[in-house]
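1. quick one, fold the following:
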Amino acid sequence: MKILVCISNVPDTTTKITFTNDNTQFNTAGVQFIVNPYDEIALSRAIELCEGGKGTVTVINVGESATEPTIRKALAIGADDAVRVNAVPRDAYFTAFQIAEYAKANDFNMILCGRESIDYNGSQVAAMIGEFLDIPSISIIKKLDFDGTTATIEREIEGGKEVVSVTGKFVASCAEGTAEAKIPNMRGIMSARTKPLTVVEAVAIEELGKVTKFETPAPRGAVKLIPAENAEELITLLHTEAKVI
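-> Numbers count the residues shown, from 1 in each chain. As a prediction, this is how the structure comes out:
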């Protein structure tokens, strides 16, 4: 069994977000980057499925050389080898296409992603990979079992859960509950230095969209406390100032 796990290089959750070049680019100065937490869940489940010599796990990242420390962490967690597509991941469409092109040339039983990346929260890449490869894509899964030929997958739906059975190749985006994120140990950290990390060039694809500007949320205003007995004043403020009713 061969599993391909897609990983994103994202800012640490404590990062203060700022932009440069007239608010058209994320300012990376002084930012600590990490493996996207949802991708860590996908990676952990892939490692569990391959335990005991049942298969191998390859991680793939679309990014420039600055992402390699993040890739090495994924190797330290337990991936067998890694691939970096040498390009700026300009959007989900471009990223999914690059991953799909690599997957076409290599025989993977399944492709796992996180449900979303914590920087853009797009939840688009997994479905796009499935479309590019013409294979099933199952989104936001909570449980994944594989018996060698058939995957049994659980998803949460309103009022219950959905159980999906998939035979053949597929893509799935993993959410909390699919696995517990693994912490690399010293042996893993040391072995990650020598595990294969292959760099491939990106495949040209038409740019269909472009970010023209980023904006940060407006700063929070002062809090107004209205006595419980002044309901009329509260309603007036909600109308005139907050404009939410």
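2. now do the longest strand along the chain: which elements does it pack against?
-> In the chain, taking DSSP state E as the definition, the longest strand is strand 137-146. Judged by 3 or more CB pairs under 8 Å, 6 or more residues apart in numbering; DSSP states H and E, the packing partners of strand 137-146 are helix 37-49, helix 125-133, strand 150-157, strand 160-167, strand 170-174. Heads up, the C-betas are built off the backbone N, CA and C, glycines and all.
3. just those: most buried one?
-> Each of these was scored by mean neighbour count; the highest is strand 170-174, a mean of 27, by mean count of other CB atoms under 10 Å.
4. okay, buried residues for the helix or strand following it please.
-> The helix or strand immediately downstream of strand 170-174 is helix 186-192, counting by DSSP states H and E. The neighbour-count check on helix 186-192 (16 or more other CB atoms under 10 Å) flags 188, 192 as buried.
5. can I get the helix or strand just after helix 186-192 in CSV, CA atoms only?
-> Counting by DSSP H and E, the element after helix 186-192 in chain order, helix or strand, is strand 197-201. Output in CSV follows, covering the C-alpha atoms of strand 197-201 (Å, rounded to 0.1, in the frame of the first residue of the first chain):
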residue,chain,number,x,y,z
LEU,A,197,13.4,14.5,-0.2
THR,A,198,12.9,14.8,-4.0
VAL,A,199,12.4,18.2,-5.6
VAL,A,200,10.4,18.4,-8.9
GLU,A,201,9.6,21.4,-11.0
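6. shaky segments in the chain?
-> For the chain, applying pLDDT under 70 flags no range at all.
7. give the bridge partners for the closest residue to Thr149 other than its chain neighbours, please.
-> Using CB to CB, 6 or more residues apart in numbering and skipping residues adjacent in sequence, the residue nearest Thr149 is Thr167, 6.2 Å away. Thr167 has these beta-bridge partners by DSSP bridges: Thr150.
8. repeat that for the one 4 residues further on.
-> For Val171, the beta-bridge assignment (DSSP bridges) gives partners Ile111, Ser137.
9. any idea how far it is from Leu133?
-> 7 Å (CB to CB, to the nearest Å).
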